[in-house]
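Q: Below are the sequence and a predicted model for it; my questions follow.
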Amino acid sequence: MNEEHRDDDAPEAAPETPPAAYEALTAGMLAEKPTTEFEAARAEIEASGGEGNRMVTSLIQLHRALTEVTLPLDLPGADEQRAARQNMVEQLEDYVIPRMMTIDAPLLAVVGGSTGAGKSTLVNSLVGTKVTTPGLLRPTTRSPVLVHHPEDGRWFGQDRLLPELERVNHPTNDPGALQLVASDRLHPGLAILDAPDVDSVEEANRVLAAELLAAADLWIFVTSAARYADQVPWEFLQLAANRSTAVAVVLDRTPTEAVQTVAGHLARMLASRGLKDSPLFIVHEGEVSEQGLLPAEHVAEVRAWLDMLADDATARHQVVTQTLDGAVRALTLEVHPIADTADGQGEAAQRLRTDADMAYDEALRSIMAATADGTLLRGEVLARWQEFVGSGEILKALETKVGMLRDKILGSIKGKPQQAERVTAAVQGGLEMLILEQCEAAAERAEAAWQMSPAGR
Ligand SMILES: Nc1nc2c(ncn2[C@@H]2O[C@H](COP(=O)(O)OP(=O)(O)O)[C@@H](O)[C@H]2O)c(=O)[nH]1
Ligand SMILES: [Mg+2]
């Protein structure tokens, strides 16, 4: 990763303006043909050189390769591979490539977790004011809310991360919108996003929650004493562990008497699932104020940790790098089965083509044979020919002077005497029949061959 312009001991300078290549890239994400735009971005990046740039170039090439691999044949397992491919494309577009290109953007902490765990209340309490609507009513389809320091607003504009979500500055129920809130209660360098419930009964909410977590540098995963053993949140945490995404876990809404038992159990669960390095915060169950806030001291520890991250460029950079490297590593592993599937599809397509070629080659051979060996001249054609010969038209022509012979024959054909016309029609009909029969047989052979394989079916 490109660190040459970093100086971790110096006071934080305002983050760099995003490079022009990034503009081109994100503009491409909004447009119909991202690949072309990616290419423009790639050319610019290549021209500027550097190690991190080589990485971005490779990722853009990977993105292009993945968008081009359509896996059209319904071979066993193709559905899963198509879904995996789509996930990878989205992960590259929504997070990995934009993040790699703007490595100095503020750290994005996405608050996720189960229904009613207290996510929105936690976000409000961390910010110290009601920026996002908590609620008992379920399912709620409120837009996700991203809170950032006023100085950091430019990093989260429409053309930045998750470009398909429309930026709005007011609360809304539109699941296609992202509400931006500027608050100087947060330190510059770190933004918090209140995501929908990962286990929402509304599918749109679940999908959005997963998308938002996939775009996070850091998960703040909130669970409660009542919910910490639920399955769905653990599936998410397992995903994070597999990709070494940076995760902090918040055990929320925990009655004081239960803290020890629950926290101990939860810590063991985290350790056994590969998340022993994830910090675990306890937020005690408390009185929620009229504005929907917990007492400041309940969230003080989480808040101090987040402020520390925001203020410490090195620590922040480590978190971003951990998640980004983990995502890239996961992509490099996930790409192999897709490449194998694409090869398999190519081979299957080639076999189908060969089957069809063989079936029609045989038809062609049969037609050639039948027209050469006289088969075509049997039956109807022979009968009409004999009528034609028997009528004496040819004999008459042969008896005439040699000079007249050609004119006579031509004349007799031009004049289309009945018998000659019948011979022509019979030959035409016979040939047509032969071709049709052979083509039908070829189609049947090709179909029979294709029926034998799932791709052909
Ligand atoms: N008494 C009490 N209520 C809480 C606490 N945390 C959240 N709640 C309430 O639980 C409900 C769900 O909380 P919310 O923050 O919307 O959870 P989310 O679904 O995870 O966003 C709301 O009515 C909150 O007021 C807490 O620590 N104590
Ligand atoms: Mg909520």
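A: Received, thanks. Ligands and ions are numbered 1, 2, ... in the order given.

Q: switch to C-alpha atoms for all contacts and neighbour counts from now on
A: OK.

Q: Name the residues of this protein found near ligand 1, please.
A: Contacts of the chain with ligand 1, taken as CA under 6 Å from any ligand atom, map to 115-121, 134-136, 253, 285-288, 292.

Q: taking those one by one, which sit in strands?
A: residue 253 (DSSP state E).

Q: Go through the residues of the chain next to ligand 1 and flag the one the model is least confident about.
A: Within the set of the residues of the chain next to ligand 1, pLDDT is lowest for residue 136 (59).

Q: re the thing from before, quick one: which of the residues of the chain next to ligand 1 is the most crowded by neighbours?
A: Most neighbours among those, by other CA atoms under 10 Å: residue 119, with 28 neighbours.

Q: isn't it right next to residue 110, touching?
A: No: under the criterion of CA atoms under 8 Å, residue 119 makes no contact with residue 110, lying 10.1 Å away.

Q: Give me the below-cutoff pLDDT ranges for the stretch 251-400 of the chain.
A: 391-400 (pLDDT under 70).

Q: Could you check which residue of it lies nearest ligand 1?
A: Closest to ligand 1 within the stretch 251-400 of the chain is residue 285: 3.8 Å, counting by CA to the nearest ligand atom.

Q: Ignoring the adjacent residues along the chain, who's closest to that residue?
A: Of all residues not flanking residue 285 in the chain, residue 253 sits nearest, at 4.0 Å (CA to CA, 6 or more residues apart in numbering).

Q: Pull up the gap between the one you found and residue 225, please.
A: Distance of residue 253 to residue 225, given as CA to CA, to the nearest Å: 7 Å.

Q: same check, this time on residue 374
A: 90 Å.

Q: ok so, going back, from the residues of the chain next to ligand 1, which land in helices?
A: 119-121 (DSSP state H).

Q: what's the burial count for residue 364?
A: Neighbour count for residue 364, taken as other CA under 10 Å: 16.

Q: What is the three-state secondary structure of it?
A: Three-state call for residue 364 (DSSP: H, G, I helix; E, B strand; the rest coil): helix.

Q: Then residue 129?
A: Residue 129 - assigned by three-state DSSP - is coil.

Q: and what of residue 282?
A: Relying on three-state DSSP, one would call residue 282 strand.

Q: Settle this for me: it is touching residue 256, isn't it.
A: No: contact between residue 282 and residue 256 fails when scored by CA under 8 Å: they sit 10.0 Å apart.

Q: Looking at those two now, which is surrounded by more residues?
A: Ranked by neighbour count (other CA under 10 Å), residue 282 and residue 256 place residue 282 first, with 20 against 11.

Q: who are the neighbours in contact with the more buried one?
A: Taking CA atoms under 8 Å, 6 or more residues apart in numbering, we find residue 282 in contact with 250-252, 254, 259, 263.

Q: try it again with 7 Å
A: Applying CA atoms under 7 Å, 6 or more residues apart in numbering to residue 282 gives the contacts 250-252.

Q: Quickly list what it is bridged to.
A: Here residue 282 sits in beta bridges with residue 251, as judged by DSSP bridges.

Q: Would you mind measuring from it to residue 338?
A: To residue 338, residue 282 is 41 Å away according to CA to CA.

Q: so where do the strands sit in this protein?
A: Using DSSP E, the strands of the chain run over 107-113, 145-148, 166-168, 177-182, 190-194, 218-224, 246-254, 280-284.

Q: What residues of the last one count as buried?
A: To tie it back to what came earlier, the one meant is strand 280-284. 280-284 (16 or more other CA atoms under 10 Å).

Q: picking that back up, between residue 119 and residue 110, which contacts overlap?
A: residue 194.

Q: Where do the helices of the stretch 201-350 of the chain begin and end?
A: Taking DSSP state H, counting those that start in this stretch as the criterion, the stretch 201-350 of the chain contains helices spanning 203-214, 231-242, 259-272, 300-311, 313-372.

Q: Correct me if wrong: residue 134 contacts residue 124.
A: No: when contacts are counted by CA atoms under 7 Å, residue 134 is not listed as touching residue 124 (8.7 Å).
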